[in-house]
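*Asks:* model this:
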Amino acid sequence: MKPGRVSAFARAARACVLAAAVLGTGASPLLAQATGKIEGRVRDQAGAPIANAQVVIVGSAFSALTNPQGYYFINNVPSGTVAMRAAFIGYRAVRAEGVRVLGGQTITQDFALQASTVLNDVVVAALVASAGYFLLGTTRTDAALAAVATALTELVGDLPGALLRAPGGEADWNVAETIGHVSNARAGLALAAAKAATGSWPSDAPRVVPGIPGPPRADRASLLHRIDRSQRIVERSARTVAGHETDPCPLDHPLVGRLRCGEWFFFAGVHDLMHLDQLHGLTEGAR
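*Replies:* Sure thing, here's the model as predicted:
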């Protein structure tokens, strides 16, 4: 997930948090090269705008989020030909190849996303349950994140072996690296919340969440093991955080900043679902 600003996630019971959306980019201008601007709109299959959709230039730090009208722009893009991707939870990610950027000019690249019918029920149920965790101070999020872990396990189990080395929809990672990243991130966020809730945050622990890929050559068995291990960490951490959902946590994420302990579980669920949707789109495209 690339740096930017994020607005409160519209479909999630206002439980959480996330701050206001930015329409800019996460990269500095490259003064030595001519640059251009990319703008456009992200809509659903009926033509309705999609707010807070993420639009990225693949393999770079350039990204933007759409406004309530579905509009985005990215400034200071070096001239040349790029690939772009638009994604939003509950929809299949769309990729645009061969987008030509001309120095000093603005080009338009629109995206039309189709709802991911297989995942929509999972998305809604998990987000509502995660929101309930924060609002009610219960461990209901366990069931939500367990459902996502089960869906991820089933998807990985069905993946064609060759697809593990294919581009994974996140920067220049392959699918194995993306799955490893998801497993590490969900476990790491939950563990960080538990450490903060118990006052045992290590003084030398990093406070910024890094976006680190998993092993590029991981096989199916090792990825399934990582998912299972991550869920066990999530469950233990959720029991620890119960009753401490509003306690502060020193962890910072480039996308959403600093959240409270319970809110990290909500964010972990959103992060899981975004990547699950991406992976589902890749498997559908491979059939």
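*Asks:* helix or strand right after the stretch of helix or strand residue 187 belongs to?
*Replies:* Assigned by DSSP states H and E, residue 187 belongs to helix 175-197. Counting by DSSP H and E, the element after helix 175-197 in chain order, helix or strand, is helix 220-241.
*Asks:* in the stretch 1-150 of the chain, what spans have low per-residue confidence?
*Replies:* 1-33, 89-90, 116-143 (pLDDT under 70).
*Asks:* ok, 90 please
*Replies:* Applying pLDDT under 90 to the stretch 1-150 of the chain flags residues 1-34, 45, 51-54, 56, 58-63, 65, 85-95, 114-150.
*Asks:* Compute the number of surrounding residues for residue 154.
*Replies:* Neighbours of residue 154 under the rule other CB atoms under 10 Å: 10. Using the backbone N, CA and C atoms, a C-beta is placed for each residue, glycine as well.
*Asks:* Helix, strand, or coil at it?
*Replies:* Following DSSP: H, G, I helix; E, B strand; the rest coil, the label given to residue 154 is helix.
*Asks:* show me what contacts it?
*Replies:* Contacts for residue 154 (CB atoms under 8 Å, 6 or more residues apart in numbering) come out as none.
*Asks:* Check the gap between it and residue 276 for me.
*Replies:* Distance of residue 154 to residue 276, computed by CB to CB, to the nearest Å: 10 Å.
*Asks:* now residue 150
*Replies:* Counting by CB to CB, the gap from residue 150 to residue 276 is 11 Å.
*Asks:* and for these two, which residues touch both?
*Replies:* With CB under 8 Å, 6+ apart as the test, residue 150 and residue 276 reach no residue in common.
*Asks:* out of these two, which sits in the more crowded spot?
*Replies:* residue 276 (24 against 13).
*Asks:* Within the helices and strands, which one has that one?
*Replies:* Here residue 276 is assigned to helix 261-286, by DSSP H and E.
*Asks:* Ramachandran angles for residue 45?
*Replies:* Dihedral angles of residue 45 (phi, psi; degrees, to the nearest 10) stand at phi -70, psi -20.
*Asks:* The closest residue in space to it that isn't next to it in sequence: what's it in contact with?
*Replies:* Using CB to CB, 6 or more residues apart in numbering and skipping the chain neighbours, the partner closest in space to residue 45 is residue 114 (5.0 Å). Shown in contact with residue 114 (CB under 8 Å, 6+ apart): 44-45, 91-92.
*Asks:* Okay, domains of the protein per the record?
*Replies:* 1-115, 117-286 (automatic domain parsing).
*Asks:* and the last one, how far from the chain's centre?
*Replies:* Relative to the chain's own centre, domain 117-286 is displaced by 9 Å; criterion: CA atoms, centre = their mean, to the nearest Å.
*Asks:* thought residue 70 was touching residue 50?
*Replies:* Yes. Applying CB atoms under 8 Å as the test, residue 70 and residue 50 come out as touching, 5.3 Å apart.
*Asks:* Now do the shared contacts for the two.
*Replies:* Joint contacts of residue 70 and residue 50 (CB under 8 Å, 6+ apart) are 42-43.
*Asks:* per-residue pLDDT, residue 199?
*Replies:* You'll see residue 199 listed with a pLDDT of 93.
*Asks:* Equivalent analysis for the one 3 residues further on, please.
*Replies:* Among the per-residue scores, residue 202 holds a pLDDT of 86.
*Asks:* now do residue 282
*Replies:* On the pLDDT scale, residue 282 gets 70.
*Asks:* So it is in contact with residue 165, correct?
*Replies:* No. Between residue 282 and residue 165 no contact is recorded; they are 11.9 Å apart, counting by CB under 8 Å.
*Asks:* In terms of neighbours, single out the busier of these two.
*Replies:* Between residue 282 and residue 165, residue 282 has the larger neighbour count (other CB under 10 Å), namely 20 against 13.
*Asks:* what's the burial count for residue 225?
*Replies:* For residue 225, using other CB under 10 Å, the count is 13.
*Asks:* what's the spacing between it and residue 165?
*Replies:* Residue 225 sits 19 Å away from residue 165 when distances are taken as CB to CB.
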